[in-house]
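J.: Any chance you could fold what I've pasted below:
(chains A, B, C and D)
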2 protein chains.
Amino acid sequence: MAGRAGVSVATVSRVLTGNYPVSVTTRNRVMRAVRQLDYVVNAHARALQVGTSGTIAFVLEDITGPSFAEAAAGVEEEAVRYGRICVVCATHGSEERQMAVIDLMRAQGAEAVILIGGSRNEAATKQRLTGYAHSLASSGSRLVLCGRPPFDASQPVSVVDYDNEAGAFAATSHLLSQGHRRILFVGGSDGQSTAEERRRGYVRGLSSFGIDPDPELQIDADFSREAGRRAIRQASERGVEFTAVFAVTDVTAAGVMRELRCLGLSVPGDVSLVGYDDVPLADDMTPRLTTVRVPYRELGAAAVRAAMDLNGDSRREPSHVVLGTHLVIRESVAPPRS
Amino acid sequence: MAGRAGVSVATVSRVLTGNYPVSVTTRNRVMRAVRQLDYVVNAHARALQVGTSGTIAFVLEDITGPSFAEAAAGVEEEAVRYGRICVVCATHGSEERQMAVIDLMRAQGAEAVILIGGSRNEAATKQRLTGYAHSLASSGSRLVLCGRPPFDASQPVSVVDYDNEAGAFAATSHLLSQGHRRILFVGGSDGQSTAEERRRGYVRGLSSFGIDPDPELQIDADFSREAGRRAIRQASERGVEFTAVFAVTDVTAAGVMRELRCLGLSVPGDVSLVGYDDVPLADDMTPRLTTVRVPYRELGAAAVRAAMDLNGDSRREPSHVVLGTHLVIRESVAPPRS
DNA sequence: ATGAAAGCGCTAACAT
DNA sequence: ATGTTAGCGCTTTCAT
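T.: As a prediction, the model looks like this:
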C-alpha cells in the first residue's frame, strides 16, 4: 500500500488517521492508492498499537425480547454517534455465559460492557459483578448496569436505572382508583430484581389504600407469554377471585389476556388488565393495553453516555442516572362490575 | 504474566490456546497465575498474529423489527455455537451507512458479513454488493445475503433465502378459497425486493383464480404499523371496496387491523386479514392473525453456516439455500359477508 | 512535510 | 516439554 502510493507507511498512517499535517499532493496520492487497492486499515493492528478498539458490548438475555431490543437500538445508535462499534451478546439467562461474555469483551478490549436486565440473587450477583467491574476497570474499561439496583459508589460501576417501583405503584393505584380491590399480581417472586421491585410497588399501592396484600393474589410468572397464561390458569383452578390483573410485563400481559379469553372472560368488561414496559405490542393488543412506559431506548443511550463520560479519567465517580416512568392509559382498564 | 508464572511467554500461549502439549505442572502453574492476575489474552494481538478474529457481523436495518430480531437471535446462537462472536450493526435503511458498516467490518477482519433485508433498487444494489463481496473475499471474508434474490454463482456471495412469492401465493389463495374476490394488497411498490416478491405472489394467486389484478387494490406501504393505518385510510377515502386485506408484513397488518377498527369494521366479520412473517405479535392480536410463517431464526442460523462452510477454501462455490414458508391459519379470515 | 525504526501482545517456527 | 525469536500491521516518537 505504502509502496503503491510511493510513500512511507508512516505517511499513509498519517493521512488515514488525519491527525497530522500532510501535504495535499501526498494526501491525494495516498487516497488514490487506497481507492485502487480497496484498502482498509487493520483494526486489530491499530487497536494493538493504540490500546483501545472503540467497541461497546451490550449484554442481554435475549435479543428477541421487545424491551431488550429497544434498549439495544438505543445503545447501537448512541454508540455509532460516538463513532464506536457495538457488539451484542445474549446470555440466555445463564450466569456462566454472562461471565464468559464479559471475559470475551475484556479480551476484545471493549471500552465498556453494558449489562441489561435484572438479576436473580442480589447478594451473590452483586459480589460477582463487583469482581467483573474491577477486572474491567483495571483494563481501562467500564461496567455499566441497566435497570438494576445501584452499587455503592466506591465500586467502579455506573448504573442507569428507572423507577420500577414507582411505575408499579402508579399502575396499581390506577386500578385501585377505578374501584378494583382484588388485584392479581402476575409476576415472579423468584427473586428476580425487576419483578421484585414491581411487586413492591404493587404492595405499596395496595397499602396506601389500606389494603393488606393477599398472598393468594400473587402468582409466580417470568416475563414470557406462556407464564402469563399459566398464571391465569392456576388462579382459575385455585378459584382465586379477582377483578383486575397487573402483569409484570407487557408480554406476560399478552399471555394473561389470551388465557382470560379462553376462560370466557372479557377485558376490560369482566377483568381489567395492566402491563409494564409499553412495548409496541401493548398498543397492538385489543383492547389496547394500559401499561407503564419505560424509556428503554433512552436507557440504552444513557448507558453508553455513562460509559463514555467516564472515559477520560477512570478515577471519576461512577454515575447513577435514573429515568422516569409513567402510566400510559389505554383501554384495558374499566371499573369492576358492581 | 509469564514472569509471574515463571515460564516463557510461549508456554503461556501454549497453555492458553491449548493446541500444544504442556506438562501438567507447568499448566497448573500458569493457570494459577492467570487466576491471580485475572489475566485475559489480548484478542487484537492474537488476531493480528493469526490473521482472523472470529467475528461475524450481522447487518440489519433496525434491531427493533421483530423479524430482524428473530434472525439476529438465530445468527447470534449459531455464531456462539461455532465459537464466534457476533456484532450487530443497524443501517437505518441508509445505503451509505451500509457501506460504512461493511468497510468497518472489513477492517475488523470479520470472518463474514451477513446482510439481511430486501433492497430498494435491484440493479444498482446488486452491482454495489458485488463490489463489497469481492472486497470481502479478497481479505478472506464472506458476504452472505439473507432474504434477497441470489446472485449468479460466479460471484463470491452466498445467499440464504426463503420463498417469498410462494408464501404470498398461499396467503392469497387461502383468501380466494374462502370466497374473497376483492383483496386489498397493502405493501410497497417502491421496488423494495421483499415487498415486490410478495406482491408477485399475490398477483399470481389472483391470476390462478382467473382474476385480473386491479391496480386500485394495491396500496403502497412500507413495513411499519403506521403505513398499514395510512393505507387503509387511503383506501377508505378513495372509496375502494374490498372484503379482505393481505398485508405485506405482520406489523403492517397490525396497523391495518387498528385502522379497520377505527372505521368501525370488524375482523374477520367485515373484512378478513392476513399478514406475513408470523412474528410473536401475530399470535397476540385479537383475532389471532392468519399469516405466513417465515423461519427467521433458522434463516439467521443458516446464514452463519453458509459463511462457515466456505471457510476452508474460499474458492468453493458460494451456496444458495432456500427455506420454506407455510401458511399459519388462525382466526383473522372468514368467508365474506354475502 | 516526510521517513526510519521501535514496539504494542501475541503465536508459530525453530532451537534445545 | 520448554525457551528464543521473528514478525503480524499499525502508530508514534525521533530524525531529517
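
J.: List the contacts of the closest residue to chain B within the stretch 151-300 of chain A.
T.: The stretch 151-300 of chain A approaches chain B most closely through A:Thr286 (3.9 Å), counting by CB to the nearest CB. C-beta here means a position set from N, CA and C on the backbone, and glycine is covered the same way. Contacts here follow CB atoms under 8 Å, 6 or more residues apart in numbering or on different chains; on that basis A:Thr286 touches B:257, B:261, B:285-286.

J.: repeat for A:Gly191
T.: So A:Gly191 contacts A:120-122 (CB under 8 Å, 6+ apart).

J.: now do A:His320
T.: Counting by CB under 8 Å, 6+ apart, A:His320 touches A:150, A:153, A:158-161.

J.: Where strands are concerned, which of those count?
T.: A:158-161 (DSSP state E).

J.: coming back round to it: what I need now is the contacts of A:His320 written out in a markdown table, including neighbour count, distance to A:Leu48 and pLDDT for each item.
T.: Conversion of the contacts of A:His320 to a markdown table gives the following (neighbours: other CB atoms under 10 Å in any protein chain shown; distance: CB to CB, whole Å; pLDDT from 0 to 100):
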| residue | neighbour count | distance to A:Leu48 | pLDDT |
| --- | --- | --- | --- |
| A:Pro150 | 17 | 35 | 82 |
| A:Ala153 | 11 | 34 | 77 |
| A:Ser158 | 28 | 27 | 93 |
| A:Val159 | 22 | 32 | 93 |
| A:Val160 | 28 | 31 | 95 |
| A:Asp161 | 18 | 36 | 93 |
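
J.: what's the most distant pair in those?
T.: A:Ala153 and A:Val160 (14.7 Å; CB to CB).

J.: what about A:Pro268, how many neighbours?
T.: Number of residues near A:Pro268 (other CB atoms under 10 Å in any protein chain shown) recorded here: 20.

J.: Now it: closest residue in space that isn't a chain neighbour?
T.: A:Ala334 (3.9 Å; CB to CB, 6 or more residues apart in numbering or on different chains).

J.: cool, A:Pro149 as well?
T.: A:Ser193 (6.2 Å).

J.: need the contact list for the nearest residue to A:Glu122 once chain neighbours are set aside.
T.: Nearest non-adjacent residue to A:Glu122, counting by CB to CB, 6+ apart: A:Ser193, 6.1 Å away. Shown in contact with A:Ser193 (CB under 8 Å, 6+ apart): A:118-120, A:122, A:148-149.

J.: can you list the residues of the stretch 201-338 of chain A near chain B?
T.: A:225, A:251, A:254, A:257-258, A:261, A:280-281, A:284-286 (CB under 8 Å from any CB of the partner chain).

J.: Buried by neighbour count, from those residues: which ones?
T.: A:225, A:251, A:254, A:257-258, A:280-281, A:284-286 (16 or more other CB atoms under 10 Å in any protein chain shown).

J.: Now tabulate those in a markdown table and tack on pLDDT, distance to A:Ala43 and secondary structure.
T.: Shown next, in a markdown table, are these (pLDDT from 0 to 100; distance: CB to CB, whole Å; DSSP: H, G, I helix; E, B strand; the rest coil):
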| residue | pLDDT | distance to A:Ala43 | secondary structure |
| --- | --- | --- | --- |
| A:Arg225 | 97 | 41 | helix |
| A:Val251 | 98 | 38 | helix |
| A:Ala254 | 98 | 42 | helix |
| A:Met257 | 98 | 48 | helix |
| A:Arg258 | 98 | 47 | helix |
| A:Pro280 | 97 | 35 | helix |
| A:Leu281 | 98 | 38 | helix |
| A:Asp284 | 97 | 41 | helix |
| A:Met285 | 97 | 44 | coil |
| A:Thr286 | 96 | 49 | coil |
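
J.: Which two among those residues are spaced furthest apart?
T.: A:Arg258 and A:Pro280 (17.4 Å).

J.: quick one on the thing from earlier: looking at the contacts of A:Gly191, spot the one nearest A:Ala90.
T.: A:Arg120 (16.7 Å).

J.: hang on, isn't that closest one packed against A:Asp190?
T.: Yes: A:Arg120 lies in contact with A:Asp190 (CB atoms under 8 Å); the separation is 7.1 Å.

J.: Run a quick neighbour tally on the closest residue to A:Val240 other than its chain neighbours.
T.: Leaving aside its sequence neighbours, A:Val240 sits nearest to A:Glu216 (CB to CB, 6+ apart; 5.5 Å). By other CB under 10 Å, 14 other residues sit near A:Glu216.

J.: how near is A:Glu216 to DNA strand C?
T.: 57 Å (CB to the nearest atom of the strand, to the nearest Å).

J.: Same check on A:Ala254?
T.: For A:Ala254, the distance to DNA strand C - CB to the nearest atom of the strand - is 47 Å.

J.: Tell me which residues touch that residue, please.
T.: With CB under 8 Å, 6+ apart, A:Ala254 has these contacts: A:225, A:228, A:275, A:281, A:285, B:284.

J.: quick one, strands of chain A?
T.: Under DSSP E, chain A gives strands at A:55-60, A:85-90, A:112-116, A:143-146, A:157-162, A:183-186, A:218-219, A:244-247, A:272-274, A:291-293, A:320-323, A:326-328.

J.: out of those strands, deepest packed?
T.: strand A:244-247 (a mean of 30; mean count of other CB atoms under 10 Å in any protein chain shown).

J.: Could you check how far that one is from the centre of its chain?
T.: Remark: strand A:244-247 is offset 23 Å from the chain centroid, using CA atoms, centre = their mean, to the nearest Å.

J.: Kindly report the same for stretch A:213-223.
T.: 24 Å.

J.: Ends of it, what's the gap?
T.: 22 Å (CA to CA, to the nearest Å).

J.: Please identify the buried residues of the helix or strand bottoming out on mean pLDDT in chain A?
T.: Here the helix or strand of chain A ranked lowest by mean pLDDT, DSSP states H and E is helix A:122-138, holding a mean of 87. The neighbour-count check on helix A:122-138 (16+ other CB under 10 Å) flags A:125-126, A:128-130, A:132-133, A:135-137 as buried.

J.: Same question for stretch A:15-24.
T.: Result for stretch A:15-24 [16+ other CB under 10 Å]: buried residues A:15-16, A:22.

J.: Can you add distance to B:Ala100 and pLDDT and give those residues back as CSV?
T.: Shown next, in CSV, are those (distance: CB to CB, whole Å; pLDDT from 0 to 100):
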residue, distance to B:Ala100, pLDDT
A:Val15, 18, 96
A:Leu16, 15, 96
A:Val22, 23, 94
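
J.: quick check, nearest of those residues to B:Ala5?
T.: Closest to B:Ala5, out of all of the buried residues of stretch A:15-24 and judged by CB to CB, is A:Leu16, at 38.5 Å.

J.: any idea what sits nearest the closest one, other than its immediate chain neighbours?
T.: Nearest to A:Leu16 is A:Val41, by CB to CB, 6+ apart, at 5.9 Å.

J.: Isn't that neighbour up against A:Val15?
T.: No: between A:Val41 and A:Val15 there is no contact under CB under 8 Å: 11.1 Å.

J.: And the pLDDT at the residue nearest to A:Leu16?
T.: On the pLDDT scale, A:Val41 is placed at 95.
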